[in-house]
Every structure is written in C-alpha cells, then in structure tokens.
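Colleague: got a predicted structure here, sequence first:
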Amino acid sequence: MTLKTILAAATLAALGTGLAAQEVKIGIAAEPYPPFASLDSSGTWVGWEVEVIDAVCKAADLNCVITPVAWDGIIPSLTGGQIDAIMASMSITEERMKTIDFSDAYYNTPTVVVAGKAIEMDASPESLNGKILGVQASTIHQAYAQEYFKDAAEIRIYQTQDEANQDLVSGRIDATQADSIAMADFVATEAGACCEIKGNVADDPAILGLGVGAGVRKGHDALREALNKGIATILTDGTHEAITARYFKASIY
C-alpha cells in the first residue's frame, strides 16, 4: 500500500510538471457577464472570475491563457480540443457531467427572478402566470424555466443575458431569471434602476447544479486535479476572500 501511494504521488507530480510546461487554454464566455467577466476600455478581460482564474492558475503552477468562446459553443469547444478548461460561471449539473468532468466548486449563488419595480410578483410560477420571462440560451436558467414556468409564462430565449436585460428595460418582456450576483450588479446600474430582484426560485440541484466549477474533458484527470489544488489553495490562504471583497459585500462561496 505504501509503495502504491508513493508511485501515485510520483505520477501526479510528473503529470503536474508536464502541465506546467504547456499552455492551458481557459475558455470564458465571449459575451460580457459583469461583474464576473467583461472587457474594459483597453480590451482587457477583467472581473471577479478573471481574477480567480489567474489566482487558481498561479496556485496550481499552470500557464493559463484566457480564451473567449461563444457561450452556446463553449462545451463543444472543450470536447473538440480548442480549449482545455471552462471557467465561465458554469454550474455543475448532472446533465453536463454526462459530457464533461468538473473541478470542485469555486462559487455558489442563488438563482433569482428580476422584474420592474411596479410589478407585483415573486419568483413563483403563480406570480409569473400570463407574463413573458426571458432567459439566456443553453443555461441552467433556460432548463429551469422550461421545467417550472412553461405552463405559466411565455419563455423567451436570448443568446446573452445582456440582451434579456435590454428587453426587460424596454418592456418587451416582464421578467428575467439569472444568477443573483449578476442581477444584483445589473439592478444597481442606471439602466437597471427600473427593476428589482423579486426573489429566489425554489432550489432544484438536479437542474441548478451544485455550484460553479471548472469544466474539463472526460479523462483529463491531471488538469482537473491541478485546478482542484489551485482552488483549494486560494480558498485556504485568503486569496479567494480578498478577490471577493473587491467585488461583493459578502462571500459567494
């Protein structure tokens, strides 16, 4: 047993050395998703998740390169080898785990419904009856809405959350469902001042997942374990907390 443990450790160390020597392409959504990831005026990707990617890669001794990919093609880009991992606020779900593997979670936040301040409603199917609900395509929010709200509301699908937010402001939809942190950031803007968070949807881990993790190809265990090491390190040494404090008032882990 001791010999097996030594050999396993030696193998992991060798794999880690190989990873450190090569470029690791970290896929993020090409569409802006503030405060997690967006382009600044100089064309540089910035945001909470961008800083976390940098910190995880540094802690794991990985040479990471951020690689923007259209959200609806991000998993095919991973399985096809165009990128090596996904760190784009992707929730760990049973459905996705049929296709890819995930690291440990590095954040977890509730799902909310947002609507105009003048609308009397909450996040229940009953209060959405007869309304138009906008959600982003290929997300847990689309899957959830189609499971729980399809008999109450008209579901309108958007390629990006930003497009759904714009239609919410203009009145073309009545509400939208998305991540609580992203929507809190939106309603705090001048454009989003018309709207407010109406409440959290009822939890369903099978659809909404078990937090956000880094997606990797099936069988790419060395990279998954390296990312796990990096995540564990920044969670224990205070780096995760320090990055979070620059963006949010409370922990999102």
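Modeller: Thanks, I have it.

Colleague: what residues are up against the residue most central in space within the chain?
Modeller: Nearest residue to the geometric centre of the chain (Cα atoms, centre = their mean): residue 89, 1.0 Å. Residue 89 makes contact with 29, 33, 36, 37, 49, 107, 179, 182, 212, according to Cβ atoms under 8 Å, 6 or more residues apart in numbering. (Glycine included, C-beta is placed from N, CA and C.)

Colleague: so which of those residues sit within helices?
Modeller: Those of the contacts of residue 89 mapping onto helices are 49, 182, per DSSP state H.

Colleague: what about the strands in the stretch 1-150 of the chain?
Modeller: For the stretch 1-150 of the chain, the strands defined by DSSP state E, counting those that start in this stretch cover 23-29, 38-39, 45-46, 63-69, 85-86, 100-107, 111-116, 132-136.

Colleague: looking at the contacts of residue 89, spot the one nearest residue 247.
Modeller: residue 36 (8.7 Å; Cβ to Cβ).

Colleague: want to throw the strands of the stretch 1-150 of the chain into a markdown table with distance to residue 226 and mean pLDDT?
Modeller: Formatted as a markdown table, the strands of the stretch 1-150 of the chain follow (distance: least, Cβ to Cβ, whole Å; pLDDT from 0 to 100):
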| stretch | distance to residue 226 | mean pLDDT |
| --- | --- | --- |
| strand 23-29 | 9 | 98 |
| strand 38-39 | 27 | 96 |
| strand 45-46 | 21 | 98 |
| strand 63-69 | 10 | 98 |
| strand 85-86 | 10 | 98 |
| strand 100-107 | 9 | 98 |
| strand 111-116 | 30 | 97 |
| strand 132-136 | 30 | 98 |
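
Colleague: which of those is buried the deepest?
Modeller: Mean neighbour count (mean count of other Cβ atoms under 10 Å) peaks for strand 85-86 among the strands of the stretch 1-150 of the chain, with a mean of 28.

Colleague: contact partners of it?
Modeller: Here strand 85-86 has contacts from 24-28, 74-75, 78, 100, 214-216, 223, 227, using Cβ under 8 Å, 6+ apart.

Colleague: given it, what are its sheet partners and their directions?
Modeller: Partners of strand 85-86 in the sheet, by DSSP bridges, are strand 23-29 (parallel), strand 212-217 (antiparallel).

Colleague: buried set for the last one?
Modeller: For strand 212-217, the neighbour count (16 or more other Cβ atoms under 10 Å) marks 212, 213, 214, 215, 216, 217 as buried.

Colleague: quickly list what the last one is bridged to.
Modeller: Each beta-bridge partner of residue 217 is listed here: residue 100, as defined by DSSP bridges.

Colleague: show me what contacts it?
Modeller: Here residue 217 is in contact with 78, 79, 81, 84, 100, 101 (Cβ under 8 Å, 6+ apart).
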